[in-house]
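S.K.: Sequence first, predicted coordinates after that:
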2 protein chains.
Amino acid sequence: MVFERVAILGVGLLGGSVGLALRSRELARYVTGIGRNRTRLERALECNAVTEIFLLDEKWPEEISLLILAAPVEQIGNLLKEQSSKVGKDTIITDVGSTKSRLVSTCQRILGSGHRFVGSHPIAGSHQTGVEHADADLFVNRTCVVTPTQETDLEAKQMVSRFWESLGANVMELSPEEHDYLVARTSHLPHLAAATLCSIVARLPHDRARKVIGSGFQDATRIAAGESGLWAEICQHNQEEISSALDGFIRELQNIKEAIGKEDLTGIVQFLEEARKYRTQLGSDADLEA
Amino acid sequence: MVFERVAILGVGLLGGSVGLALRSRELARYVTGIGRNRTRLERALECNAVTEIFLLDEKWPEEISLLILAAPVEQIGNLLKEQSSKVGKDTIITDVGSTKSRLVSTCQRILGSGHRFVGSHPIAGSHQTGVEHADADLFVNRTCVVTPTQETDLEAKQMVSRFWESLGANVMELSPEEHDYLVARTSHLPHLAAATLCSIVARLPHDRARKVIGSGFQDATRIAAGESGLWAEICQHNQEEISSALDGFIRELQNIKEAIGKEDLTGIVQFLEEARKYRTQLGSDADLEA
């Protein structure tokens, strides 16, 4: 599959990696970078992540085969509202946001009947941001969730799935709701737990705490170094699932606290052993390639 | 400082690493391995972690300069009770347990007045166990907490501190209570949080969860792969501090849940940003060398 023209709205780490991946695999004749900041677009051009650049208020090429919304999640709704008149009827649209229900229904509503939108969430990233850190192989062997709804155009869904596969990803289809339910527990809750652990340790006497911190704490809290703005948006967008995941987490913690208080050694060992087994079979990062 | 004879009771990963470290630095003429399992002791001898071995019920050499209790925490009290008559009056004793208040007071009580015991907690380890994985440099640039009390013999404290320093560790003195307060928050709470995250994700539809798990979850839960028995003991020994750390954790999680429910974006960003700053200044594992 070779596209005539793929446009990427927002050329940061993810958008830039899509561009590099398309270019290095020769999957698109033109890769169009669109954004609000000329300097950033020029950097994407220098990095060879795109072949042409346009500012948001400029006229874009008309015949875009695939438009990828890679701007920050909270901006996507407004951007799409402002720009939708420029999007051709045949253009297939997807995004890369890490929450789906709200975003997918917003995009569907804005684009109206006959839209050719389907949501995507490539589960890949980096602590780093910006097109300078983009990587042509960022999606290789990573899962990309594609989230069709009852409204979704079949051709759009198939093309977007094939698109991610051609960048090396393993595509999984989930409803937006199922996606948000799962990632609330595998990603958003762990992030909030890590941030909370940091905020507790941050209040301890600094030098002493620093000296007793071992590699376990470092591992357990690494994700808390992620961009606060992005994670705050995620919290807002996936509010309900995150709240329910937090409830479940708090309930479990209360149970384990009770077991510890009662010196219920059997119960504690059972709980820790179940967790140990699960974590052990997950293996190391190298095994993440599903 | 060179010891005539250092004895290690329990030659697993930590005890074995002490032996290897002493041998490779030529800090002791004899390194005596003591344990209940002959095969395991013989393995320690083969690994060059010790120079001589004795079973628990055998007669040991009398003139031991330093005795290191490196058996599992819950066995140390009983072992010391059974064996204390064999320990010479001049022998200085320490341990390597990761909780201190209970253990230190148990050891002090058993050894009685005039004892030369001081607790230690080298903050170093591995997911692996057994003398096969012992490492002569395990303690290099790691913190070792030494926990004297009002009863502690000054010479014992100084000798044990110099002992750890000679293995490459950075020694920090804390009271047993202060130690337990800190590690409850930097180590025990993160472990329970990681185990709880695993037990929640373990109940999700298995294949789908597996596919959406990214490197963040892997990092955040790595510690949950630790030995359940050891961690259950830690929960038992540091019960009060762990309970109070869990209370603080649950309270914070409830606050953040409330902020998310109210869509208090400023509050959420502030919380995440505080955590991000703290975690970022901690740096990577390489910076752990305090």
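M.R.: In hand now; what should we look at? Numbers count the residues shown, from 1 in each chain, chains lettered A, B, ... in the order given.
S.K.: Residue A:67 sits in which helix or strand?
M.R.: strand A:66-69 (DSSP states H and E).
S.K.: Give me the angle between the top helix by length along chain A and helix B:239-261.
M.R.: Of all the segments of type helix in chain A, defined by DSSP state H, the longest one is helix A:239-261. Taking axes from the mean of the first three to the mean of the last three Cα atoms, to 10 degrees, helix A:239-261 and helix B:239-261 form an angle of 170 degrees between their directions.
S.K.: buried set for helix A:239-261?
M.R.: Counting neighbours by 16 or more other Cβ atoms under 10 Å in any protein chain shown, one finds that the buried residues in helix A:239-261 are A:239-243, A:245-246, A:248-250, A:252-253, A:256-257, A:259-260. All C-beta spots, glycine's among them, are computed from the backbone N, C-alpha and C.
S.K.: Contacting chain B as well, which ones from these?
M.R.: Contacts with chain B within the buried residues of helix A:239-261, as defined by Cβ under 8 Å from any Cβ of the partner chain: A:239, A:242-243, A:245-246, A:248-250, A:252-253, A:256-257, A:260.
S.K.: The helix or strand of chain A with the lowest mean pLDDT near chain B at all?
M.R.: Among the helical and strand segments of chain A, the one scoring lowest on mean pLDDT, DSSP states H and E is helix A:73-83, with a mean of 90. No - for helix A:73-83, no contact with chain B is found by Cβ under 8 Å from any Cβ; the gap never falls below 9.3 Å.
S.K.: Show me what that helix is in contact with.
M.R.: Among residues not part of helix A:73-83, those counted as contacts by Cβ atoms under 8 Å, 6 or more residues apart in numbering or on different chains are A:9-10, A:56, A:69, A:71, A:95, A:97-99, A:103, A:106-107, A:110-111, A:230, A:233-234, A:236-237.
S.K.: Likewise for stretch A:10-18?
M.R.: Contacts made with stretch A:10-18 from outside it, assessed by Cβ under 8 Å, 6+ apart, are listed as A:6, A:8-9, A:19, A:33-35, A:40-41, A:44, A:47, A:49-50, A:68-72, A:75, A:96, A:122, A:124-126, A:128-131, A:133-136, A:138-139, A:167.
S.K.: What about these, which are in strands?
M.R.: A:6, A:8, A:9, A:33, A:34, A:35, A:68, A:69, A:122 (DSSP state E).
S.K.: What count of nearby residues applies to the residue nearest to the fourth one when sequence neighbours are not counted?
M.R.: In space, and not counting its chain neighbours, residue A:33 is closest to residue A:50: 3.5 Å by Cβ to Cβ, 6 or more residues apart in numbering or on different chains. In terms of burial, residue A:50 registers 32 neighbours under the definition other Cβ atoms under 10 Å in any protein chain shown.
S.K.: Got the phi and psi for residue A:50?
M.R.: phi -140, psi 160 (degrees, to the nearest 10).
S.K.: Now do the same contact list for it.
M.R.: Contacts of residue A:50 (Cβ under 8 Å, 6+ apart): A:8, A:11, A:19, A:31, A:32, A:33, A:41, A:44.
S.K.: Which strand or helix spans the closest residue to the first one other than its chain neighbours?
M.R.: Spelled out, it's residue A:8. Setting aside the residues directly before and after it, residue A:8 is nearest to residue A:15 in space (Cβ to Cβ, 6+ apart), at 4.4 Å. Using DSSP H and E, the secondary-structure element containing residue A:15 is helix A:13-24.
S.K.: Would you confirm that residue A:102 contacts residue A:235?
M.R.: No - using Cβ atoms under 8 Å, residue A:102 is not in contact with residue A:235, being 11.9 Å away.
S.K.: quick one on the thing from earlier: tell me the gap between the strand holding residue A:67 and the middle of its chain.
M.R.: For strand A:66-69, the gap between its own C-alpha mean and the chain's C-alpha mean amounts to 15 Å (Cα atoms, centre = their mean, to the nearest Å).
S.K.: Equivalent analysis for stretch A:110-127, please.
M.R.: Distance, stretch centre to chain centre, for stretch A:110-127: 10 Å (Cα atoms, centre = their mean).
S.K.: Ok, stretch A:191-208 next?
M.R.: On Cα atoms, centre = their mean, the centre of stretch A:191-208 falls 25 Å from the chain's centre.
S.K.: buried residues in it?
M.R.: Of all the residues in stretch A:191-208, those buried under the rule 16+ other Cβ under 10 Å are A:191-202, A:204, A:208.
S.K.: same deal with stretch A:22-41?
M.R.: Applying a neighbour-count criterion of 16+ other Cβ under 10 Å, the buried positions in stretch A:22-41 are A:22, A:23, A:27, A:28, A:30, A:31, A:32, A:33, A:34, A:35, A:40, A:41.
S.K.: Between which two of the residues you listed is the distance greatest?
M.R.: The most widely separated members of the buried residues of stretch A:22-41 are A:27 and A:40, with 23.1 Å between them, by Cβ to Cβ.
S.K.: Where does pLDDT dip in chain A?
M.R.: Counting by pLDDT under 70, chain A shows low-confidence ranges at A:1, A:127, A:285-290.
S.K.: Centroid-nearest residue for it?
M.R.: residue A:98 (3.3 Å; Cα atoms, centre = their mean).
S.K.: Look up how far chain B lies from it.
M.R.: When distances are taken as Cβ to the nearest Cβ, to the nearest Å, residue A:98 and chain B turn out to be 10 Å apart.
S.K.: Secondary structure element holding that residue?
M.R.: With secondary structure defined by DSSP H and E, residue A:98 is part of neither a helix nor a strand.
S.K.: so it sits right up against residue A:122, yeah?
M.R.: No - shown here, residue A:98 and residue A:122 do not form a contact pair, counting by Cβ under 8 Å, at 9.1 Å.
S.K.: now residue A:235: how far from residue A:147?
M.R.: Computed with Cβ to Cβ, to the nearest Å, the distance linking residue A:235 and residue A:147 is 19 Å.
S.K.: Then residue A:120?
M.R.: With distances taken as Cβ to Cβ, residue A:120 is found 7 Å from residue A:147.
S.K.: distance between stretch A:30-49 and the chain's centre?
M.R.: Centroid separation between stretch A:30-49 and its chain, computed with Cα atoms, centre = their mean, is 21 Å.
S.K.: domain ranges for chain A?
M.R.: The record's domain split for chain A, according to automatic domain parsing, is A:3-173, A:179-288.
S.K.: Residues of the stretch 51-200 of chain A that sit close to chain B?
M.R.: Counting by Cβ under 8 Å from any Cβ, the residues of the stretch 51-200 of chain A near chain B are A:123-125, A:142-143, A:145, A:170, A:172, A:174, A:178-179, A:182-183, A:185-187, A:189-200.
S.K.: What about those residues, which are in helices?
M.R.: Filtering these for helices - DSSP H - leaves A:178-179, A:182-183, A:189-200.
S.K.: Can you give me the neighbour number for the residue nearest to residue A:138 when sequence neighbours are not counted?
M.R.: Distance criterion Cβ to Cβ, 6+ apart; nearest residue to residue A:138, sequence neighbours excluded, is residue A:17 at 4.0 Å. Look at residue A:17: counted by other Cβ under 10 Å, it has 28 neighbours.
S.K.: again with residue A:177
M.R.: Counted by other Cβ under 10 Å, the residues lying close to residue A:177 total 15.
S.K.: Could you double-check that it lies in contact with residue A:101?
M.R.: Yes - with contact taken as Cβ under 8 Å, residue A:177 and residue A:101 are classed as touching, separated by 5.5 Å.
S.K.: Give me the common contacts of those two.
M.R.: Between them, residue A:177 and residue A:101 have no joint contacts when contacts are counted by Cβ under 8 Å, 6+ apart.
S.K.: still on that earlier bit, can you say which two of the contacts of residue A:50 are spatially most distant?
M.R.: Greatest spatial distance among those (Cβ to Cβ): A:31 and A:41, at 12.0 Å.
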